[in-house]
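**Student:** Sharing a model prediction with you, sequence too.
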Amino acid sequence: MRYIAVALIWLGSVAVLFGQREVVDKVIAQVGGELVLLSELEEQYALMESQRGVMPENARCFILDQILIQKLLINQAKLDSIEVSDDEVEAQLDARIERILTLMGNDVKQFEDYYGQTVGQVKDQFREDLKSQILSDRMRAQVFTDVTVTPSEVRSFFALIPQDSLPFFDSEVEVGEIVLVPQVNKVEKNKARQKLESLRRRIVEDKEDFAELAGKYSDDFGSARVGGDLGWTKRGKFVPEFEAAAYNLEPGEVSDLIESEFGFHIIELLDRRGNSIHTRHILVKPEITDADLTKTYQRLDSIRNLIISDSITFSYAVKKFGNKDVQSFNNDGRMVNPNTGNTFFEVGDLDPDIFFTIDTMDIGDISAPFMYSQQGGTKAFRIISLQSRTLPHQASLKADYSKIQMAAIESKKSQFIDEWIADKVYSTYVRLDNRYDNCPNLSKWREGNKP
C-alpha cells in the first residue's frame, strides 16, 4: 500500500477532495482570465493535511500563493498560445490510472472501492485539472529555458554557504551493469505457438467463448480476470506488432497469431470509434527453461572473463553484448539514479541484490553474473561493475560539483521565477479576496495591481 499512497500524491486523493465539496464555493482570487475557487484552496489544504498531519497557522497563505503562481503561468501560456492537445491529456490520464491499477494488481473493484468512483468518473474529475497542470508546467519550462549557471557562479554560490551549514553526504557509489535476457528455445516457442493456435481454432471454428478461454489460459493475468479485455485505447499504447495487427482488424474479427516481446497473442477487435479501438487478447508466453537460464549465465560469465583479462573494455562489452532495452545501455552501462537523475547512488538507495553484491567489491571489480527480475517479472542476468565509491564527507566543490551545480541552478531558477512573476503581475489583472489581507507573502500580488 506504500506505493499506492505515493501514486495518490500525483493523482490527488479523491476521497479527501470529495469530502471538501461540502464547502460553499466562492471565487477568492482572479489572475487574468483564471479564477481561484475557495474549494480549490481547501482541497489542497485537506490533501496536505492528510499527508503531513498538523498544519502551520499560515498554511493557507502559502498554498494560495502557489495556486496564484500556477494561475499566472496558465494565463500567460494561453496568451502565448501554448497548446495542449486532448490526446496528450488523455494519454497522461490513462498512464496515471494504469499505474495505480498496476499497483493494485489490476483490480478494478479495489480501485473503485478505494476512490468511491469508477475509473471513467475519476478521469472525468481530473481531466481539466491535468490539462491546466500541463499548461503550467510547459509555461514554467519555457520561462526557465535560458537559466544556466557558469562554473564561476557555482563557486560563488558555494562560497556563500556558511561552513557550519555545509551538508554532510553519505557514502555514494557509481555502478555499471551489463544485462542479458534469456532467449526462449525453439521447442518452447513451438509449444506456445501450438497452444495458442489451438485456442484460436476453438474460438473461430468451434465458436467457443473468447472471454472464457482468456480467463482460463491467458498469461496476461491482469486482463485475463476480465476476459482478456484491454478497454478503449488510442494509438501508441501497445507494442508495434500488437498495434499494427489490432488496427487492421474489423469489429468481431480475431487476428492470426502475433509475436511480440511478451510472447504470442491473438486479438479480437470489439469496437472502433474513430482512432480509438476496444480490444481483448489472449497471451501465451513461451516458458524459459533451466537450460535457457544456464546458457545465459554462462554467456555472461564468458563476457565477464573477457573484460577481466583486458581482452575488451566494459564499455565495449555493453555496446557489443548488452541488452538495448535497459536504460544503462545508452550510458556506457552506468546506472542512473531515478531520484536524482545522476549516476550516484547512496548505498542505502540501491536494490538489495546490488547492495550486497558490491559490499565487498573494490573499485574496478566486476561481479559474477546473478539473476534478477525486471519490471513486469521478466527474468534477466546482470554483471555489476563498481566504478567509484566515496566515503561519508562534508560537501566540497571537488567531490560534489554536480550536486552543488544543481543546487545553484535551482537557486537561480527561484530568483528568476520571482522576477518573472513580479514583471507579469504589473501587466496582469489580479484580484484577491480581502479575507487574505493578513497574508504578508501575498503582498506582491496586490502591489502590482494598485491603481
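**Tutor:** That came through fine. Residues are numbered from 1 along each chain as shown.

**Student:** sec struct for Thr148, please.
**Tutor:** The three-state label given to Thr148 by DSSP: H, G, I helix; E, B strand; the rest coil is coil.

**Student:** Pull the number of nearby residues for it.
**Tutor:** For Thr148, the tally of surrounding residues (other C-beta atoms under 10 Å) stands at 11. All C-beta atoms are positioned from the backbone trio N, CA, C, and that covers glycine.

**Student:** who touches Ser260 in this structure?
**Tutor:** For Ser260, the contacting residues are Val239, Glu241, Phe242, by C-beta atoms under 8 Å, 6 or more residues apart in numbering.

**Student:** who's it bridged to?
**Tutor:** Note on Ser260: beta-bridge partners Gly263, judged by DSSP bridges.

**Student:** Could you check how far it is from Phe345?
**Tutor:** Ser260 sits 32 Å away from Phe345, going by C-beta to C-beta, to the nearest Å.

**Student:** With Phe238 instead?
**Tutor:** Distance of Phe238 to Phe345, given as C-beta to C-beta: 33 Å.

**Student:** With neighbour numbers in mind, choose between the two.
**Tutor:** For Phe238 versus Phe345, neighbours defined as other C-beta under 10 Å are more numerous around Phe345 (23 against 20).

**Student:** Just list whatever residues bridge to the more buried one.
**Tutor:** Val173.

**Student:** for Leu37, same thing?
**Tutor:** Residues in a beta bridge with Leu37, per DSSP bridges, are Val27.

**Student:** Quick check: it touching Lys26?
**Tutor:** Yes. Leu37 sits in contact with Lys26 when judged by C-beta atoms under 8 Å, with a separation of 6.9 Å.

**Student:** so Met371 sits in a strand?
**Tutor:** Yes. With three-state DSSP as the criterion, Met371 is assigned to a strand.

**Student:** and it, how many neighbours does it have?
**Tutor:** Around Met371 there are 13 residues (other C-beta under 10 Å).

**Student:** For this structure, which residues score under the pLDDT cut-off?
**Tutor:** Within the chain, the stretches with pLDDT under 70 are 1-24, 106, 376, 447-451.

**Student:** Got the domain ranges for it?
**Tutor:** 2-145+428-447, 171-183+289-391, 186-284 (automatic domain parsing).

**Student:** just the strands in the stretch 351-451 of the chain please.
**Tutor:** Taking DSSP state E, counting those that start in this stretch to define them, one finds strands in the stretch 351-451 of the chain at 370-373, 379-390, 393-394, 430-432.

**Student:** My reading is that Lys41 lies in a strand. Confirm?
**Tutor:** Just so we're on the same page, residue 41 is Leu rather than Lys. No. Assessed with three-state DSSP, Leu41 is helix; it does not lie in a strand.

**Student:** That one against Ile67, yeah?
**Tutor:** Yes. With contacts counted by C-beta under 8 Å, Leu41 reaches Ile67, the gap being 6.5 Å.

**Student:** returning to that earlier point: of the contacts of Ser260, grab the buried ones for PyMOL.
**Tutor:** Per 16 or more other C-beta atoms under 10 Å, the buried members of these correspond to this PyMOL selection:
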select buried, resi 242
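
**Student:** Which of the contacts of Ser260 fall within helices?
**Tutor:** Among the contacts of Ser260, the ones falling in helices (DSSP state H) are Glu241, Phe242.

**Student:** Endpoints of stretch 273-287, how far apart?
**Tutor:** 36 Å (C-alpha to C-alpha, to the nearest Å).

**Student:** and what of stretch 438-446?
**Tutor:** Across stretch 438-446, first to last residue, C-alpha to C-alpha, it's 12 Å.

**Student:** And the contacts of that stretch?
**Tutor:** Outside stretch 438-446, the residues that touch it by C-beta under 8 Å, 6+ apart are 29, 58, 60-62, 64-65, 68, 421-422, 425, 430, 432, 436.
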